[in-house]
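# sequence-free structure coming up:
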């Protein structure tokens, strides 16, 4: 079977449209997502060639996940906001520390995320990052919770975490959270342009 025939077979698969749609939106496909993950794994050569035509790279994380990185203007450039990046870093910190997981469930809570945020940054820095401003601002506890919750929803949509059904307060980490580990020793770097740090 020729290269074009192989690619045609992959694109004709009933799984391709969903996987393609998610990858283009920046969603990470984790090993826990059995069917789409296996589809990419089995067809990595053809899919990689396809996305290179769109100036994008299909990346396989060593921990068991795939994601797409755009290198040009066809798919455009998407980046996490500074708030989302900071929340992701805080979650990665917690994930590396099993003492902070709810005993026996592997779940984490939004309260733990907020607490870890406050150990990484000053209240003033957190408020400035969460509100995307260079000026000194105050962030009330309720507003802080809203900002963290909003960031967590974005991270869940990209498949970094999985929110517990029926609640927005607890969640589990998924394999793609490991993408944050390369920044985990430099949380202060969230003041730099996020585009240089993580492009979903």
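Arrived safely. The structure displayed is predicted, hence computed values, not measured ones. Numbers count the residues shown, from 1 in each chain.
# alpha carbons only for contacts and neighbour counts from here, please
OK.
# Same question for the lengthiest helix in the chain: list its buried residues.
In the chain, with assignment by DSSP state H, the single longest helix is helix 141-157. Of the residues in helix 141-157, 144-145, 147-153, 155-157 count as buried by neighbour count, 16 or more other CA atoms under 10 Å.
# And the residues you listed, which is closest to residue 13?
residue 157 (24.1 Å; CA to CA).
# I'd guessed that closest one sits against residue 25; true?
No: applying CA atoms under 8 Å as the test, residue 157 and residue 25 come out as separate, 9.5 Å apart.
# related to what we said a few turns ago, which of the buried residues of helix 141-157 has the weakest pLDDT?
Among those, residue 144 has the lowest pLDDT, at 83.
# so how far is the longest helix of the chain from its chain's centroid?
Remark: helix 141-157 is offset 14 Å from the chain centroid, using CA atoms, centre = their mean, to the nearest Å.
# for stretch 144-164, same thing?
The chain centre lies 10 Å from the centre of stretch 144-164; the measure is CA atoms, centre = their mean.
# which residue packs closest to residue 60, ignoring adjacent ones?
Closest residue in space to residue 60, ignoring its immediate chain neighbours: residue 66 at 4.5 Å, by CA to CA, 6 or more residues apart in numbering.
# residue contacts, the one you found?
By CA atoms under 8 Å, 6 or more residues apart in numbering, the contact set of residue 66 is 28-30, 37, 40, 58-60.
# With residue 29 instead?
Listed by CA under 8 Å, 6+ apart, the contact partners of residue 29 are 23, 36-37, 65-67, 159, 176.
# and it, how far is that from residue 158?
As judged by CA to CA, to the nearest Å, residue 29 and residue 158 stand 9 Å apart.
# Ok, residue 120 next?
According to CA to CA, residue 120 stands 24 Å off from residue 158.
# of these two, who's got more company?
Remark: of residue 120 and residue 158, residue 158 carries more neighbours, 20 against 17, as counted by other CA atoms under 10 Å.
# any idea which helix or strand carries the closest residue to that one other than its chain neighbours?
Among residues not flanking residue 158 along the chain, residue 27 sits closest, at 4.1 Å (CA to CA, 6+ apart). Following DSSP states H and E, there is no helix or strand that holds residue 27.
# Now do the contacts for residue 27.
Neighbouring residues of residue 27 by CA under 8 Å, 6+ apart: 67, 157-159, 200.
# Just send the residues you listed back as CSV, with distance to residue 52 too.
Below are the contacts of residue 27 laid out as CSV (distance: CA to CA, whole Å):
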residue, distance to residue 52
67, 13
157, 24
158, 21
159, 23
200, 16
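# Pick the one among the residues you listed closest to residue 107.
Using CA to CA, residue 159 comes nearest to residue 107 of the contacts of residue 27, at 15.3 Å.
# Spell out which residues sit in contact with the closest residue to that closest one other than its chain neighbours, please.
Leaving aside its chain neighbours, residue 159 sits nearest to residue 28 (5.5 Å; criterion: CA to CA, 6+ apart). Applying CA under 8 Å, 6+ apart, we find residue 28 in contact with 22, 65-68, 158-160, 176, 200.
# Cheers, nothing more for now.
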